[in-house]
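Visitor: I would like to see how this sequence folds:
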Amino acid sequence: MSLNLCIDWGNSRVKAAIFDANDQIQDLRRFAEDDARDGIAALLSEYSPVKGILCSVTDKSVEVEPLLKEKMRALVVMNNNTPVPIMNAYTSPGSLGADRIAMAVAAHMAFPTNNNLVVCLGTCITYNFIQKTRTFRGGAISPGLHMRLAAMHHLTDKLPLVKPEGELLLLGYDTETCMRSGAVFGMAAEIDGIVSEFAAQYADFNAVLTGGDAPFFEGKLKSKIFADPNLLMKGLNIILKHNAPHIR
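Guide: Sure, this is the predicted structure:
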């Protein structure tokens, strides 16, 4: 059975997924950046994927490219010139993260009759809008959960560095719980507000929630929103098949 390897190399962690011929994830692993090369090497040895795609937001992923090219018949290193099965109307494509377009691809393929907004909760929150005409339009970017908490600490003299994990109350009773409340419930209100604005402007609207911090917001959003933690990986697999359709 022909297997595909999809790698999402982020700012602080690396995710790698093995897809089978039916587009199902057979294995999904997460690595710290320093351990990523060894972890990917283990996946290559265990599954022997035929082709792969690398999506990276850092330059450190370059070190693993020779290994990937050696072990697979085809490797797509995704960039702004990589062909994708949708149109890109972003006016500054050189600054567009490849992960954003990959998520848009996955959302459109999953919900092709909808105008889709992908809300990704990572280092930043990205709002990624793709119309049902197969056109990626852009969206918005704002600080993510960890970034908000870190900014309150680093940009003030006395506020502590608070972790997202911990007691969460709408009515904070000390500085730590107040900061966590503001970050989490403030983000939830922002997400609900933006989703509501898009829903009011576009018919046949659908919203998808993904990203590493999405679990913090389960049950905290009022909007009707579909959660898919593996949306980016699915998009990368679609783009890989689009670029290497005959390699099996």
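Visitor: Could you list the low-pLDDT ranges of the protein?
Guide: Along the chain, segments meeting pLDDT under 70 span 1.
Visitor: other SSEs contacting the longest helix belonging to it?
Guide: In the chain, ranked by residue count with DSSP state H as the criterion, the top helix is helix 175-201. Identification of packing neighbours for helix 175-201 by 3 or more Cβ pairs under 8 Å, 6 or more residues apart in numbering; DSSP states H and E yields strand 115-121, strand 124-131, helix 145-154, strand 205-210. (Each C-beta comes from the backbone N, C-alpha and C, glycine too.)
Visitor: As TSV, these with distance to Leu96 would be great.
Guide: TSV is the format used below for the helices and strands packed on helix 175-201 (distance: least, Cβ to Cβ, whole Å):
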stretch	distance to Leu96
strand 115-121	13
strand 124-131	10
helix 145-154	20
strand 205-210	17
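Visitor: Quick check: the spatially most distant residue from the centre of the chain vs Met179, distance?
Guide: The outermost residue of the chain, judged by C-alpha distance from the chain's mean C-alpha position using Cα atoms, centre = their mean, is Tyr173 at 33.7 Å. For Tyr173, the distance to Met179 (Cβ to Cβ, to the nearest Å) stands at 12 Å.
Visitor: how about the helices of the chain, start to end?
Guide: In the chain, helices defined by DSSP H lie at 36-47, 65-71, 98-110, 145-154, 175-201, 231-243, listed in chain order.
Visitor: mind checking how far the last one is from the chain centre?
Guide: What that stands for is helix 231-243. A distance of 12 Å separates the C-alpha centroid of helix 231-243 from that of its chain, computed with Cα atoms, centre = their mean, to the nearest Å.
Visitor: Show me what that helix is packed up against.
Guide: Contact here means 3+ Cβ pairs under 8 Å, 6+ apart; on that basis helix 231-243 packs against strand 4-9, strand 13-19, strand 51-56, strand 74-77, helix 98-110, strand 115-121, strand 205-210.
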